[in-house]
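only geometry, no sequence info:
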Ligand code: CAA
């Protein structure tokens, strides 16, 4: 599908593919076994401009488009889905809302350090009782004099352990529910900002997922991101783009599964023949390829719409749903093709399977994606 890409996008894809093959592939398996955050890789990715791909140079970004960003996340995730989500959560969920909803002053003060990778970002929406029902946030922000005082606890925060800057959603008018939520930019250095429980997960083990607590955490009024009480829209519009980052991550996992399965099917012999000679294997590979290509096209379409400023919420949900299901399907079939070996840590396919699962959950579960798609059909 290279012919759908511009020359600039193809160059970006090839540059990131080479970086991922040379620097990520050799360490990905061990990093995830040890649950080690890939700091050296993120430093190197930042040097290549990968922490702010789709943002203008005047704010420290690489000045490229969203499709280039989507391609980069997929190439990184081909070798390490943890690194893929570190880059994606940072860019889509922290840099993007500042770029889209921030004042000129906010963009100038936060974006250069985030885009250069000098600082990491995270997105604090989810709470223990506000997962799919994101509007049920219990974290509050109260205006005391000219400062906002934040109290509450956020959960399952990607990059929570490393982030220097958090986009935080808090209720500024609890009875108004989704119409009473405001977004804030909060630095980790603020008193009252603490990192809580660090989660031990099934997959994406090299990325951190933590609780972040706010206890009497005070910020000036200039830290409000977007309009007062319009934060739920900031969250939803941000998540539209974030979902494409996750779709790209899922595409990387699906492609890894297909490539490893093809290689193994050609090498592994049973009944005196490579197992690739058997129709049972060929059909699995064909089904994997079909789901991957369909999901790729859906993700490309929604990314193109984003680049062209065409509303794309339902298309992003469709792409994420298709890509995450393709990743699960491909990883599962890749294990099946590897047989008993696929169930061991000797091969990467078991990691792909564990990593694939989260793509059906975070940044909106597959059930929420179906809800968004159906609502768009029925409106
Ligand atoms: N774009 C713009 N506006 C949107 C929107 C979108 N995509 N989706 C909803 N809205 C607007 C609605 O139009 C409505 O606006 P008005 O008040 O002006 O009418 C408002 O938001 C409220 O919408 P709903 O009544 O539909 O809200 P709801 O409470 O029923 O929730 C939902 C809708 C789609 C289920 C939403 O809650 C949702 O997306 N839930 C999933 C949350 C999620 O994805 N969480 C992931 C957290 S991030 C993460 O995973 C961590 C990480 O670090 C990776």
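Arrived safely. Everything quoted here is computed from the prediction, not taken from an experiment. Residues are numbered from 1 along each chain as shown.

Residue 68: what's its closest spatial neighbour, skipping adjacent residues?
Nearest residue to residue 68, sequence neighbours excluded (CB to CB, 6 or more residues apart in numbering): residue 12, at 4.4 Å. Just so you know, the C-beta spots here come from the backbone N, C-alpha and C atoms, and that holds for glycine as well.

backbone phi and psi for that neighbour, please?
phi -60, psi -50 (degrees, to the nearest 10).

who's in contact with stretch 259-273?
Identification of contacts with stretch 259-273 by CB atoms under 8 Å, 6 or more residues apart in numbering yields 78, 274-276, 281, 284-285, 288, 330, 333-334, 337-339, 341, 347-349, 352.

hmm, try it at 10 Å
With CB atoms under 10 Å, 6 or more residues apart in numbering as the test, stretch 259-273 has contacts from 78, 274-278, 281-282, 284-285, 288-289, 330-331, 333-339, 341-342, 347-349, 352.

Give the buried residues for it.
Within stretch 259-273, the residues scored as buried using 16 or more other CB atoms under 10 Å are 260, 261, 262, 264, 265, 268.

What average pLDDT does that stretch get?
Across stretch 259-273, pLDDT averages out at 98.

next one: that stretch to chain centre, how far?
Put simply, stretch 259-273 sits 32 Å off its chain's centre (CA atoms, centre = their mean, to the nearest Å).

Now do the end-to-end distance for it.
20 Å (CA to CA, to the nearest Å).

Spit out the contact partners of the residue nearest to residue 68.
With the criterion set at CB under 10 Å, 6+ apart, residue 12 makes contact with 5-6, 48-50, 53, 62, 64-65, 67-69, 71-72, 75.

is it true that residue 42 touches residue 50?
Yes - between residue 42 and residue 50 there is a contact at 8.8 Å, judged by CB atoms under 10 Å.

Could you check which of the two is surrounded by more residues?
The residue with more neighbours, out of residue 42 and residue 50, is residue 50; 28 against 20, by other CB atoms under 10 Å.

can you tell me how far that one sits from residue 114?
As defined by CB to CB, to the nearest Å, residue 50 lies at a distance of 12 Å from residue 114.

can you narrow the buried residues of stretch 259-273 to ones near the ligand?
With the criterion set as CB under 6 Å from any ligand atom, no member of the buried residues of stretch 259-273 is near the ligand.

Surely residue 130 touches residue 124?
No - with contact defined as CB under 10 Å, residue 130 does not reach residue 124; the gap is 11.0 Å.
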